[in-house]
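**Q** quick one, fold the following:
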Amino acid sequence: METQNFSNHKRYVIGFHGVLTILSLLVFIGSVVNLFNTIKACNGYYSASLIVVFSVMFMALMGYTRIFALKAQDRAIRAEENLRHYALTGKLLNAKLTMQQIIALRFAPDEEFVNLAEKAVNENLSSDEIKKSIQNWKGDYYRV
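**A** Predicted coordinates for the structure are as follows:
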């Protein structure tokens with residue numbers, strides 16, 4: 001596996017982010033076209049409407065499954081980074097850190113973590129600024 005760094009740490013799953021997204025969009029467009037053709041022909045409103053509803057439901061389901069998985073991962077990251085900070089300093093992370101900042105801090109090695117966490121609070125660093133500040137990147141190969 002390629003060593004992770006700022007430029008390649010984002011993960012895209014071609015089957016989900018590419019193929020499934022495009023296919024669901026095509027199904028939605030096709031269902032809307034089918035509904036308009038049905039309206040012109042004056043028959044089959046019910047089935048055409050159901051297909052549109054199902055395609056909208058599928059796209060919503062796709063979005064929510066991604067959001068729910070990321071929220072669970074974010075909670076786990078927050079707990080892990082809180083524990084790591086506690087192990088290194090004897091204190092929990094500063095409550096002023098945002099979730100995005102904490103997620104970015106997971107890439108910092110222990111030697112940089114505490115100082116970078118303080119700097120993130122004091123200078124209100126964005127997640128990208130935190131990631132760019134890391135000298136020795138610690139990869140996270142398990143997040144999807």
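**Q** for the chain, what spans make up the helices?
**A** In the chain, the helices defined using DSSP state H lie at 21-41, 45-89, 99-105, 110-123, 127-133.
**Q** what stretches of the protein score poorly on pLDDT?
**A** 1-2, 4-12, 141-144 (pLDDT under 70).
**Q** any idea how far the most centrally placed residue in it is from Gly63?
**A** Centrality entry for the chain: nearest residue to the mean C-alpha point is Leu70, 5.2 Å, by C-alpha atoms, centre = their mean. Using C-beta to C-beta, to the nearest Å, one gets 11 Å for the distance from Leu70 to Gly63. Where you see a C-beta, it was placed from the backbone N, CA and C, and this is true even at glycine.
**Q** same check on Gly30?
**A** According to C-beta to C-beta, Gly30 stands 19 Å off from Gly63.
**Q** ok, now His17?
**A** His17 sits at a distance of 12 Å from Gly63 (criterion: C-beta to C-beta).
**Q** equivalent analysis for Gln101, please.
**A** Gln101 sits 25 Å away from Gly63 when distances are taken as C-beta to C-beta.
**Q** what backbone torsions are found at Asn43?
**A** Main-chain torsions, Asn43, degrees, to the nearest 10: phi -160, psi 150.
**Q** look up how far Asn37 lies from it.
**A** Using C-beta to C-beta, we find Asn43 at a distance of 10 Å from Asn37.
**Q** go on, Val121?
**A** Going from Val121 to Asn37 by C-beta to C-beta gives 58 Å.
**Q** how about Ala95?
**A** Using C-beta to C-beta, we find Ala95 at a distance of 56 Å from Asn37.
**Q** these two - which one has more neighbours?
**A** Using other C-beta atoms under 10 Å, the more surrounded residue of Ala95 and Asn37 is Asn37, with 11 against 6.
**Q** perfect, that will be all.
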